[in-house]
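1. Quick one, structure for this:
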Amino acid sequence: MATKNDSGWLTVKAYEALGDARLVKISVCRSGSTPPTVNYCDSGEVPDGVTEAVAAANDIIAVKQLNGGIGTYRVTTNGAIAGNTDVYPSDDGKVQSAASGGARIGTIIEASSADGGIVEMVR
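-> Residues are numbered from 1 along each chain as shown. Next comes the predicted model:
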């Protein structure tokens, strides 16, 4: 039976260990009472949400949906990026300033000085 979620959050199962503030995509659809499974979104792919905490493989977690989340998002950069820069998916759930075949997902509103920096993003 179809369900509808207007909360901006989605309960999912982590396919792999996931870091905080990382882009994820649904990799396996919901099956019965098992939530959809997510893994890292890579360069050129379309993310479905952003993690808000670290998760081990097979953990049940909540991710903030990119299509309906209210407010800003915390994302992890793949290197130094200036503030007020459009960002795109990069490998391992990070964001990058170069459009490598992926669509723009937002604009970071603070600078990141290195790979692994966590910054605030608006859609």
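
2. roughly how far apart are the most centrally placed residue in the chain and K94?
-> Taking C-alpha atoms, centre = their mean, the centroid of the chain lies closest to L23, which sits 1.9 Å from it. Using C-beta to C-beta, to the nearest Å, we find L23 at a distance of 7 Å from K94. Backbone N, C-alpha and C define where each C-beta goes, glycine included.

3. Then I81?
-> I81 is 10 Å from K94, by C-beta to C-beta.

4. Tell me, how many residues neighbour the residue lying closest to V95 once chain neighbours are set aside?
-> Distances taken as C-beta to C-beta, 6 or more residues apart in numbering put V87 closest to V95, at 4.0 Å, once the chain neighbours are dropped. Per other C-beta atoms under 10 Å, the neighbour tally for V87 reads 25.

5. cool, and A57?
-> Count around A57 with other C-beta under 10 Å applied: 11.

6. quick one: D92 is in a helix?
-> Yes - counting by DSSP: H, G, I helix; E, B strand; the rest coil, D92 is found in a helix.

7. so it makes contact with D42?
-> Yes - with contact defined as C-beta atoms under 8 Å, D92 reaches D42; the gap is 7.2 Å.

8. intersection of neighbour lists for those two?
-> Common contact partners of D92 and D42 (C-beta atoms under 8 Å, 6 or more residues apart in numbering): none.
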